[in-house]
Structure formats: structure tokens, C-alpha cells
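K.L.:
what's the 3D shape of this:
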Amino acid sequence: MNEVLISNNATRMVFSRLFCGAVACIILTVLADFLFFDHLLGWTVGLFSLLLNSAIVIFNRDVLRSRLGKLIFMINMLVSFSFFETVGLLAVILNIVGLISLIVYASVPVKSIHEFFQHIILWAIGFYRPIIRDIQPFFSYIQVSSHRRRIIENWTLPLLLAVIFMGFFAFSNPIIDDWVSIGMNSLSEIHYVRILFWIVVITLCWAFILPKLTKKIAKPKTSLVVFAEKRQSKPAMVTRALVLFNLIFLVQTSLDISYLWLGVQLPDGLTYAEYAQKGAYPLIIVTLLAAIFVMYALKPGSQSEKSLLIRCLVYAWISQNILLTFASIWRTLLYVEAYSLTYLRVIALIWMGLVAAGLVWIIVRIILKKTSDWLVNVNGITLLGVLVLCCFVNFPGIIADYNVRHCFEATGKGLHLDRLYLESLGIEALPAYAWLEENAEPPLHGFTVIDVDYSFHALQQEMQNWRAWTYRKQRIYNSLRPLR
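P.N.:
Reported below is the predicted structural model:
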């Protein structure tokens with residue numbers, strides 16, 4: 001008897017969770033339709049993301065019982081708030097990955113980064129399966145519960161007759177006919193694209209709110225971390241390699257110090273811009289290879305790791321790698337000074353900074369005798385922190401402002417402004433060009449690629465749509481309004 005009661009209670013709890021989850025998914029789908037379908041995107045993306053993250057935590061409370069779960073949730077909320085600043089591709093990607101990470105962590109115990117990414121891939125492949133899986137217990141509960149079945153039976157005939165009576169009244173009463181016509185016209189506006197939108201949104205919401213992933217994941221046969229941890233290194237080979245590497249790197253470091261910082265004259269026919277362009281990106285590959293070699297050579301507890309000579313050689317080599325990375329940053333800055341700033345060059349500078357941070361973490365790992373897993377995790381946290389911070393930075397505005405203030409039209413020297421690239425940056429470039437209009441000597445003529453008045457009017461129209469509002473658009477609008 002007790003077993004039957006326990007079974008009924010468990011079934012009732014499952015049904016209750018599914019019912020509440022279905023209601024939440026329907027509410028989120030209706031909200032998504034109201035906020036997004038056939039509308040411009042703005043701060044509403046952040047609002048929807050905040051609600052979806054909250055729903056995931058409400059229906060999967062185990063997430064917040066550990067530090068990692070709380071950390072993932074806090075990062076997701078922070079990324080969601082970035083949409084109030086602007087809606088950017090990086091923030092969208094981080095938000096999607098964060099949501100999937102949250103439900104993966106809520107569903108299965110993850111012991112390694114490899115397993116974590118495997119679960120993410122499995123969820124992405126079969127995100128539609130949870131709603132199909134959960135419909136079966138719902139109907140099973142309806143079938144075993146005579147009370148629920150009686151409710152459905154008792155409502156079926158009255159509702160059917162009510163529809164029939166409404167049809168007759170609409171035929172005989174013009175007022176009711178008008179009401180029905182309004183409803184039918186509204187339904188006629190629902191085309192297949194909107195229905196597809198509903199299906200996709202409710203399926204995704206169901207997969208996020210009521211996840212269930214397999215707990216069996218194939219263990220990786222090999223990886224860089226496994227290789228670095230298990231592969232034995234010979235101290236004699238490591239010593240010889242480090243001596244050679246330090247000598248080779250010393251040549252490159254000396255040249256960079258001479259030409260980039262001490263101002264030594266370059267050979268005839270070679271400009272600083274050409275010198276900067278030729279070596280900026282290959283040097284980053286070199287430093288990454290150096291990091292992999294250090295992971296291999298200095299396994300914690302190995303003979304190489306215990307050797308004072310090898311440790312000193314590693315410190316010297318990593319220091320040269322850090323100098324090499326900063327030289328690459330300086331090369332890129334010289335190239336930007338000669339040929340203006342672009343998205344790719346900004347990304348390169350950020351990437352070089354991350355490489356430098358990774359090299360510093362390698363030194364910390366050696367001093368503290370941490371594992372390669374620790375090194376991977378701390379670099380992952382550093383990368384994530386930088387990416388989240390980038391969601392709040394107005395890179396198009398920074399690029400446009402730099403290019404405008406250093407172009408020939410503003411300074412009388414250097415390159416002419418790349419007008420097509422400036423236009424491609426979007427509305428964030430408008431304040432920079434408005435500044436150029438006011439300060440260019442001589443005044444601009446024939447600069448027709450960007451029409452500030454037209455763009456300002458378009459922005460003004462967009463600001464009247466409350467769904468499309470963002471804080472960045474508001475700041476741009478406020479800065480341009482006194483000039484128009």
C-alpha cells in the first residue's frame with residue numbers, strides 16, 4: 001500500500017513539475033513573440049535572457065548549491081545585462097553558451113572540460129528531445145488518473161456546444177459577428193513563419209527549463225592535458241632544448257628592443273609599418289608553441305621540474321616570450337598608427353594580451369607547482385572574464401574615433417579616411433564623424449558616404465520604438481542632438 005502511495009506521489013510530482021514547466025514555457029514564448037517577432041532588437045533581449053536564466057534556476061535549484069553553479073549563473077546574468085548596453089554578436093554567443101552550460105551543470109556531474117563540451121554538443125544536437133520525452137508521462141498520468149480523465153470528458157461536450165452556439169449567434173447578431181471577425185482576422189495574420197517561431201522558442205525554452213542529459217559520456221583517449229601530464233620528459237633533452245631556445249629568442253628579442261624601443265635605424269627600404277606587419281602574428285604562434293613545450297617539459301613532480309638549472313632556463317625563456325608578446329603588441333600599434341584601426345587589429349591586440357597573461361600563469365603554475373588542469377582552468381577563466389568585459393565595450397565607437405582623429409582630413413597628414421569602412425561600423429561611428437564635420441580643416445566637401453542628418457533621423461525614429469532602446473543608442477542620440 002505504501003509503495004502505491006509513494007508511486008502516486010512521485011507521479012503527481014512529475015506531472016506538477018511538467019505542468020509548471022509547460023506554463024513557464026508558454027509564458028516565455030508569448031513574451032518572445034511580443035518582444036521579438038517582426039520587431040527590432042534592443043534591451044528586450046537582456047530582459048528575456050534574465051527571465052530565462054531565472055526560470056532555469058527555479059526549476060533546477062541544485063545549480064546554486066555549489067560555487068561553480070553560482071559562478072555560471074552570475075556570469076550569465078552579467079552577460080544578460082550587457083544587452084541593455086547594446087546587442088552584440090559576442091554577447092549573444094556568450095549568452096547561448098552560458099545558458100547551455102547552466103543546464104549541463106544542472107543535469108549531469110561534469111568532471112572535465114572535455115566531458116563538459118561533449119555534453120554541450122549533445123544538447124545542441126538533440127535540444128528538441130526533452131519536449132517529446134516529457135509529453136509521454138503527461139498522457140500516462142492523464143490515463144491513470146480517473147479524476148483528470150473525468151474533468152476532460154466533462155468539459156469536451158460543453159466547449160464543443162459553446163463553439164457551435166457562438167457560430168449561430170455570430171450569424172444572427174451583427175455585433176457578435178464583428179467580434180468574431182476581429183478574432184478571425186487576427187488569426188489570419190498568423191502565418192507559417194510565426195508558427196515556426198513559436199515552435200522553436202517553446203522547444204528551446206523546454207530544453208533549457210526541463211533538461212535531461214545522458215550521464216554516460218565516452219572518456220577521451222588523449223588530449224593535450226593528458227599528454228602534458230603523463231608524457232615523461234628527459235632532463236638532458238629539456239636542458240639542451242631550453243639553451244637553444246633561449247639563444248634563438250635572444251636574437252629576436254634584441255632586434256625588437258633595438259628597432260622598436262631604442263629607435264635604431266632600419267635597413268634601407270624597410271619602414272616601421274612593414275617591420276611591424278611582417279612579425280606581429282607569427283610571433284604569437286611561437287609563444288603558443290612555447291607554452292605547450294613548457295607543459296610537456298615541466299610536469300609537476302618530474303625530474304625536470306626539480307632541476308634548478310631547468311627552472312631558471314624556463315623562467316628566462318618565458319620572460320623572453322613575454323617580451324616577444326609585448327613586442328608583437330607594439331608592432332601592431334605601429335601598424336595601426338600607419339594604416340588606421342580595424343576590428344581585426346583590435347582582436348589581435350586583445351589576443352596578444354591574453355597570450356601574455358597565459359605566459360604569466362605558466363610562471364605561477366611552476367612556482368606554485370600546480371597541475372596542467374589548473375593552468376587550463378585559470379586561462380579559461382581569464383579568457384571568459386575578458387570576453388564578458390568586451391560585451392560592454394563600444395569597439396565600433398573606439399575604432400571610428402581613432403580613425404577620424406588620425407586621418408588626413410583631420411590632421412593634414414597620414415592616410416585619407418576609409419569612408420566605406422567607417423560606414424560599416426554602424427551608428428556608433430556617427431559621433432566621430434560629427435566631430436570631423438565640426439573640426440575638419442578645410443571643411444569637408446563631397447563626403448557623401450555617411451549622411452549624419454539622415455542617420456540621426458533614422459536613429460531618432462528607432463529610439464521611439466521602446467523595444468529597440470539600448471543605453472548606447474541613448475548616449476549616441478544625446479551626443480548628436482545638440483548638433484542637429
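K.L.:
Export only the CA atoms of stretch 356-366, formatted as PDB.
P.N.:
Only the C-alpha atoms of stretch 356-366 are listed here, as PDB (Å, rounded to 0.1, in the frame of the first residue of the first chain):
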ATOM      1  CA  ALA A 356      50.900  37.400 -22.300                       C
ATOM      2  CA  ALA A 357      48.600  36.600 -19.400                       C
ATOM      3  CA  GLY A 358      48.800  32.900 -20.200                       C
ATOM      4  CA  LEU A 359      52.600  33.100 -20.100                       C
ATOM      5  CA  VAL A 360      52.400  34.700 -16.700                       C
ATOM      6  CA  TRP A 361      50.100  32.000 -15.500                       C
ATOM      7  CA  ILE A 362      52.600  29.400 -16.600                       C
ATOM      8  CA  ILE A 363      55.200  31.000 -14.300                       C
ATOM      9  CA  VAL A 364      52.700  31.000 -11.500                       C
ATOM     10  CA  ARG A 365      51.900  27.300 -12.200                       C
ATOM     11  CA  ILE A 366      55.600  26.400 -11.900                       C
END
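K.L.:
buried residues in that stretch?
P.N.:
356-359, 361-362, 365-366 (16 or more other CB atoms under 10 Å). For every residue, glycine as well, the C-beta is placed using N, CA and C.
K.L.:
Just give me the closest of those residues to Cys390.
P.N.:
Using CB to CB, Ala357 is the member of the buried residues of stretch 356-366 that lies nearest Cys390, at 14.4 Å.
K.L.:
Can you name the residues that contact the nearest residue to the closest one once chain neighbours are set aside?
P.N.:
Excluding the flanking residues, the one nearest Ala357 by CB to CB, 6 or more residues apart in numbering is Thr382, at 5.4 Å. Taking CB atoms under 8 Å, 6 or more residues apart in numbering, we find Thr382 in contact with 354, 357-358, 361.
K.L.:
thinking again about what came up before, going by distance to Leu78, which of the buried residues of stretch 356-366 wins?
P.N.:
For the buried residues of stretch 356-366, the nearest to Leu78 is Ala357 (20.0 Å; CB to CB).
K.L.:
So which helix or strand of the protein has the lowest pLDDT on average?
P.N.:
helix 224-230 (a mean of 48; mean pLDDT, DSSP states H and E).
K.L.:
contacting residues around the following helix or strand past it?
P.N.:
Sequence-wise, the next helix or strand downstream of helix 224-230 (DSSP states H and E) is helix 235-256. Contacting residues not belonging to helix 235-256 are listed as 283, 290, 293, 297, 303-304, 307, 309-310, 313-314, 316-317, 320-321, 323-324, 327, 330 [CB under 8 Å, 6+ apart].
K.L.:
buried set for helix 235-256?
P.N.:
Residues 235, 238-239, 241-242, 245-246, 249, 252-253, 256 are the ones in helix 235-256 that count as buried (16+ other CB under 10 Å).
K.L.:
got JSON lines for those, with distance to Leu52 too?
P.N.:
Output for these, formatted as JSON lines (distance: CB to CB, whole Å):
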{"residue": "Pro235", "distance to Leu52": "54"}
{"residue": "Val238", "distance to Leu52": "50"}
{"residue": "Thr239", "distance to Leu52": "55"}
{"residue": "Ala241", "distance to Leu52": "51"}
{"residue": "Leu242", "distance to Leu52": "51"}
{"residue": "Phe245", "distance to Leu52": "49"}
{"residue": "Asn246", "distance to Leu52": "52"}
{"residue": "Phe249", "distance to Leu52": "49"}
{"residue": "Gln252", "distance to Leu52": "50"}
{"residue": "Thr253", "distance to Leu52": "50"}
{"residue": "Asp256", "distance to Leu52": "49"}
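K.L.:
in which helix or strand would I find Tyr105?
P.N.:
Judged by DSSP H and E, Tyr105 forms part of helix 89-107.
K.L.:
So which elements touch the next helix or strand after that helix?
P.N.:
Scanning forward in sequence from helix 89-107 by DSSP H and E, the next helix or strand is helix 113-125. In terms of contacts (3 or more CB pairs under 8 Å, 6 or more residues apart in numbering; DSSP states H and E), helix 113-125 is packed against helix 89-107, helix 372-390.
K.L.:
so what are the domain limits for this protein?
P.N.:
Listed by automatic domain parsing, the domain ranges of the chain are 1-221, 224-390, 395-483.
K.L.:
What average pLDDT does the longest one get?
P.N.:
Meaning domain 1-221. Averaging pLDDT along domain 1-221 gives 75.
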